[in-house]
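Enquirer: no sequence for this one, just the structure:
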């Protein structure tokens, strides 16, 4: 049996043996892979302590932005309407009740709302996506990347056409890396089975 990082990394172009993998969906984690095995991890610390830049992180930050907007500590945002609809109202109490009454993973369901609002020109939502990409780049940077080495990325936020892929691409280019997006771990699982490693 192999871990998510091993399987996702093996799905990269040419079935690489060594390099980096970054997974960002509901959660977020990165790993350095050597000999087709993850040897060092960064983040992946779960919703309470980490997963910076993940879908959960985006959802939580969207709720925070709406709360700041509602009580005058932050700018108005197009996130307010969709968040209010999900929370059952736009009173601060509604938003807080939703946040604390929801399973933590459910907050990740707000990430598409952030993506949609950013696409419609909302500055707050766009800034959240930029911050998420910054966090994911920092997670990769923590692994000591070497220019030109493989960086396989996957998950709902980074897979082919993922909403953070281009933002991440711009950031990791400064590290000498080019993301190789893969849809999921299926190709990697098949590759590892064929290699019998």
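Expert: Thanks, I have the structure now. As the structure is a computational prediction, the values presented were derived from the model and not from experiment.

Enquirer: all contacts plus neighbour counts: C-alpha atoms, from now on.
Expert: Fine.

Enquirer: the residue nearest to residue 36 when sequence neighbours are not counted: neighbouring residues, count only.
Expert: Spatial nearest neighbour of residue 36, excluding adjacent residues (Cα to Cα, 6 or more residues apart in numbering): residue 17 at 4.6 Å. As a burial measure, residue 17 scores 16 neighbours (other Cα atoms under 10 Å).

Enquirer: same thing with the one 10 residues further on?
Expert: Neighbouring residues of residue 27 were enumerated by other Cα under 10 Å; the total is 24.

Enquirer: so what's it up against?
Expert: Applying Cα atoms under 8 Å, 6 or more residues apart in numbering, one finds that residue 27 lies in contact with 44, 46-47, 51-52, 54-57.

Enquirer: thought residue 33 was touching the residue nearest to residue 36, still the case?
Expert: Yes - between residue 17 and residue 33 there is a contact under Cα atoms under 8 Å: 7.1 Å.

Enquirer: quickly list what's touching both of the two.
Expert: With Cα under 8 Å, 6+ apart as the test, residue 17 and residue 33 reach no residue in common.

Enquirer: where does the prediction get shaky in this structure?
Expert: 1-3, 185-186, 188-189, 197 (pLDDT under 70).

Enquirer: where do the helices of this protein begin and end?
Expert: Assigned helices in the chain, in chain order: 4-10, 46-49, 55-70, 80-87, 92-101, 111-119, 123-141, 165-172, 186-195 (criterion: DSSP state H).

Enquirer: would you format those as TSV with distance to residue 39 and mean neighbour count included?
Expert: TSV is the format used below for these (distance: least, Cα to Cα, whole Å; neighbours: other Cα atoms under 10 Å):
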stretch	distance to residue 39	mean neighbour count
helix 4-10	10	27
helix 46-49	19	14
helix 55-70	25	22
helix 80-87	40	17
helix 92-101	35	16
helix 111-119	30	20
helix 123-141	14	21
helix 165-172	21	18
helix 186-195	17	15
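
Enquirer: residue 175 is in contact with residue 145, correct?
Expert: Yes - in terms of Cα under 8 Å, residue 145 counts as a neighbour of residue 175; the distance is 7.0 Å.

Enquirer: residues contacting residue 143?
Expert: 31-32, 40-42.

Enquirer: can you rerun that using 10 Å?
Expert: 19-20, 30-32, 40-42 (Cα atoms under 10 Å, 6 or more residues apart in numbering).

Enquirer: residues in contact with residue 9?
Expert: 15-23, 31-33, 36-38, 150-154, 180-182, 184-185, 187-189.

Enquirer: typo on my end, it should be residue 149
Expert: So residue 149 contacts 16, 18-20, 176-179 (Cα under 10 Å, 6+ apart).

Enquirer: how about 6 Å then?
Expert: residue 19 (Cα atoms under 6 Å, 6 or more residues apart in numbering).
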